[in-house]
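Peer 1: The amino acid sequence is not available; the structure is as follows:
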């Protein structure tokens, strides 16, 4: 049984599409993938840590995020195209953004 079936989440209509936003799970995933690079770069500046390893980490995550967007523009995954209700949106936002800062 999938999470969508378990939570009884409605499928997003085709006009709700788009690459970025917060109304569907696909948009939240794309937003997270695109923001990984800038967040890592800002953390590098904040902590003043510019070693070879941090540049490698930054470049790997940035490249992965850009390639994810290229993949999304050609081969969209319809299984994540469902509308987010507010509690699930808050949970996903916490998981993707704030848990990274709490781990450090």
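Peer 2: That came in fine, so what should we check first? Computed from a prediction, not measured in an experiment: that's the story for all the values here.
Peer 1: Tell me how many other residues surround residue 47.
Peer 2: The number of residues packed around residue 47, counting by other CB atoms under 10 Å, is 10. Placement of C-beta: from N, CA and C, glycine included.
Peer 1: which ones are touching it?
Peer 2: Contact analysis of residue 47 by CB atoms under 8 Å, 6 or more residues apart in numbering lists nothing.
Peer 1: any idea how far it is from residue 54?
Peer 2: In this structure, residue 47 lies at 9 Å from residue 54, with CB to CB, to the nearest Å as the measure.
Peer 1: now swap in residue 86 and tell me
Peer 2: To residue 54, residue 86 is 36 Å away according to CB to CB.
Peer 1: higher neighbour count, the two?
Peer 2: Here residue 86 and residue 54 are set side by side on neighbour count (other CB under 10 Å), and the busier one is residue 54, at 15 against 7.
Peer 1: how near is the more buried one to residue 66?
Peer 2: Distance, residue 54 to residue 66, using CB to CB: 19 Å.
Peer 1: cool, residue 41 as well?
Peer 2: Residue 41 sits 14 Å away from residue 66, taking CB to CB as the criterion.
Peer 1: What of residue 75?
Peer 2: In this structure, residue 75 lies at 15 Å from residue 66, with CB to CB as the measure.
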